[in-house]
Each structure stands twice: as structure tokens, then as C-alpha cells.
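**Q** Requesting a structural model of the entry that follows:
(chains A, B, C and D)
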There are 2 protein chains.
Amino acid sequence: MVQVSTKNRNTAQRKLILEQLKSVKTHPTADQIYEMVRKRMPGIGLATIYRNLDHLLENGLVIKLESKGNKARYDGFIDPHCHLICKDCGAVADIDDVQKVTIKSDKLECCGFQPSYEFLEVFGLCKKCK
Amino acid sequence: MVQVSTKNRNTAQRKLILEQLKSVKTHPTADQIYEMVRKRMPGIGLATIYRNLDHLLENGLVIKLESKGNKARYDGFIDPHCHLICKDCGAVADIDDVQKVTIKSDKLECCGFQPSYEFLEVFGLCKKCK
DNA sequence: ATTGGTGCAAATGCTTTGCATAAAG
DNA sequence: CTTTATGCAAAGCATTTGCACCAAT
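**A** Numbering: from 1, shown residues only, chains lettered A, B, ... in the order given. Reported below is the predicted structural model:
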């Protein structure tokens, strides 16, 4: 259930941030988004990037990946999908067939835990680093 | 393959930190470990906790959980196991039957990604928060 | 007119580092 | 003795916040 805030002003900054994030297939960090956006709106502040990413996150318009103690990464592609994150090089790959993803484990069922498959992050080694 | 450093001095601090971490079944943060250890060695510094946790991590004696942008948590139970982390309350549960855990997905195979099942972290909702 | 948003700079909070001293080998 | 480890304080770094001004509705 996506809760959309009523206090929502469509500022040029917010529109541009979302637009830029949606225009790339990578998973940029806040400061990478800052650099992207700065090219089109030089006066923008980094705090505005953070505040808007938070806002977009709350409204379900972006996904936030907070993995392994590094900088958070953002994803403008919000159809449920999983991420494969390489422990070595940090590369992030998408798995789009979420509905076909399952985790099998006895303990998982017996302790009544409900996994969020939609946003599963699997760490491991990518083809290059294997 | 666990690489054990040759430059390894068995200081009282290091022994105590590992001992305390192994004595609990929780997944304490660095400052929680600091508080635990301080009771037995009041003069110890927080930096020593961090340096030793890093050292122990490199030597494969502890596991580090760096989840969802919060403080890192440490685990003295190093037999391969997975973690179920509640998105709402932050509770961490262990799954011990790692060898029986599998993730099924077409994309996973076709892109040649090798998941690290041993340290898989699954986010979702625990029984209470469901 | 309101009130939410912006830019800036300062503050925060976790973690790391530099340095002089202490202790392990 | 040599080299790693410690404790302290200071620095780093990503992110958040306070505040005065600006702009969307």
C-alpha cells in the first residue's frame, strides 16, 4: 500500500531529481545524483537531494539500497525486483522475476518470518569476481 | 578460506572482547560491546573495540552485520548461518540450516552470480510485526 | 497568505586515524 | 629490542538539521 503525502509540492528540484534517477539504469548514490542534477541546476544543494530522496522514498517513487555499511544507493525502477550485490566490486545487478524467487528453509517457516522478497538483497560474487 | 594474520598479539583486551561477544546470543553493536567489556576493564577505549572487532573479523572469528544503514552489529557465533532481520523492530533471528537454504531464480543462474548463502540477510517482518 | 521547500552551514553519529606510550613476543 | 596494540583526542564521512529566505498552491 503506497501512502502518498498530501503536502507535496512539485518543485523543479524534486521533478528533476526523480527524472534523472529514472533516466539511468544504474543505482547511484546521493552524491552521484547530486552531480547528475547539478549539471542541469547548478545552484542545487546536497541537502535538497537527500530531503527529496527521502520524500520520494516515503511516497514509494524510489527504492533505497542501504547495503553493507557503504553509502546508500537509490533506484528509480520501482517495480518489485531483487538485487544481487557483489561483495568484491560492489556491482549491483537486478533480478526482475521476483514472483519466481523463493527462499527455502525449515527455520524460516517455523519462526513465522515473512520475507520481503520484493526488496531482497543477495550478497555474493559476480561473474567477474568469482 | 580463512586467512589468519601472523601479527597477532593476544592482548587482554582482544581476548575479553571476543569472550564477551561469544557469551551472548544477541547481535550487539560496537558500543554495546564497549559497555559490556567496560564492566570488566573500565579503562578500555572505544577505538580499541573497533580495532579489535576489525581484527577478529579479518581472522574470521566474528561476523559483521552491516544492515540497512544502522550501526553495525557483531556476531560471535561463526558457524555459517543466515539472518532474518525485521524491517520494523530490527530484531535479528538466526537460521542455522544454511545448507538447506536455497534461492531459486532464473536470472540468478543465467548471470553467473554466486550467492553467499552463509551470510545471507533476509529482510522482512517478524512474527510480532506482521 | 500559508506553509512546504530550498540553500547554506553547522551539527550529528558512527567509525577511523594519528600519535605518544605501553606491552607482547 | 622490535613491533603491534592501546587510549585518547581529533578527524572523516555520509547524512541530517536549524534557520532565514523563497516559491508553490
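
**Q** Quick check: the gap between residue A:102 and residue B:122.
**A** In this view, residue A:102 and residue B:122 are 12 Å apart by C-beta to C-beta, to the nearest Å. Using the backbone N, CA and C atoms, a C-beta is placed for each residue, glycine as well.

**Q** who has more neighbours, the two?
**A** residue B:122 (23 against 12; other C-beta atoms under 10 Å in any protein chain shown).

**Q** In terms of helices and strands, where is the more buried one?
**A** Counting by DSSP states H and E, the element that carries residue B:122 is strand B:121-125.

**Q** next one: residue A:103
**A** Going by DSSP H and E, residue A:103 is part of strand A:102-104.

**Q** So, low pLDDT: which residues of chain A?
**A** Scanning chain A for pLDDT under 70 picks out A:1-6, A:88-90.

**Q** what about the strands in it?
**A** A:63-65, A:73-75, A:82-86, A:92-95, A:102-104, A:114-115, A:121-125 (DSSP state E).

**Q** Figure out which of the ones you listed is closest to residue B:22.
**A** Among the strands of chain A, the nearest to residue B:22 by C-beta to C-beta is strand A:121-125 (24.0 Å).

**Q** quick one: that closest one to strand A:82-86, angle?
**A** 30 degrees (axes from the mean of the first three to the mean of the last three C-alpha atoms, to 10 degrees).

**Q** Counting by contacts, list what the strand holding residue B:122 packs against.
**A** strand A:114-115, strand A:121-125, strand B:82-86 (3 or more C-beta pairs under 8 Å, 6 or more residues apart in numbering or on different chains; DSSP states H and E).

**Q** Let me have those in CSV, adding distance to DNA strand C as columns.
**A** Shown next, in CSV, are the helices and strands packed on strand B:121-125 (distance: least, C-beta to the nearest atom of the strand, whole Å):
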stretch, distance to DNA strand C
strand A:114-115, 24
strand A:121-125, 17
strand B:82-86, 15
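
**Q** Compare those and give me the one nearest residue B:31.
**A** The nearest among those, by C-beta to C-beta, is strand B:82-86 at 19.0 Å.

**Q** near chain A at all, the closest one?
**A** Yes. Against chain A, strand B:82-86 shows contacts by C-beta under 8 Å from any C-beta of the partner chain at B:82, B:84, B:86.

**Q** Let me see the contact set for the second one.
**A** Contacts for residue B:84 were tallied using C-beta atoms under 8 Å, 6 or more residues apart in numbering or on different chains; they are A:108, A:111, A:113, A:115, B:92-95, B:122, B:124, B:126.

**Q** what's the answer for residue A:127, then?
**A** B:111-113.

**Q** Let's see if you can find the most crowded of the residues you listed.
**A** residue B:113 leads those on contacts (other C-beta under 10 Å) with 23 neighbours.

**Q** count of neighbours near residue A:128?
**A** Residue A:128: 10 neighbours (other C-beta under 10 Å).

**Q** if I look at it, how far off is residue B:103?
**A** 20 Å.

**Q** Leaving out the residues flanking it, which one is nearest to residue A:17?
**A** residue A:52 (4.9 Å; C-beta to C-beta, 6 or more residues apart in numbering or on different chains).

**Q** Next one: the residue lying farthest from the centre of chain A from residue B:128, what distance?
**A** The centre of chain A is farthest from one residue, residue A:110, which by C-alpha atoms, centre = their mean lies 30.3 Å away. Shown here: residue A:110 relative to residue B:128, a distance of 15 Å by C-beta to C-beta.

**Q** With residue A:106 instead?
**A** Residue A:106 is 20 Å from residue B:128, where distance means C-beta to C-beta.
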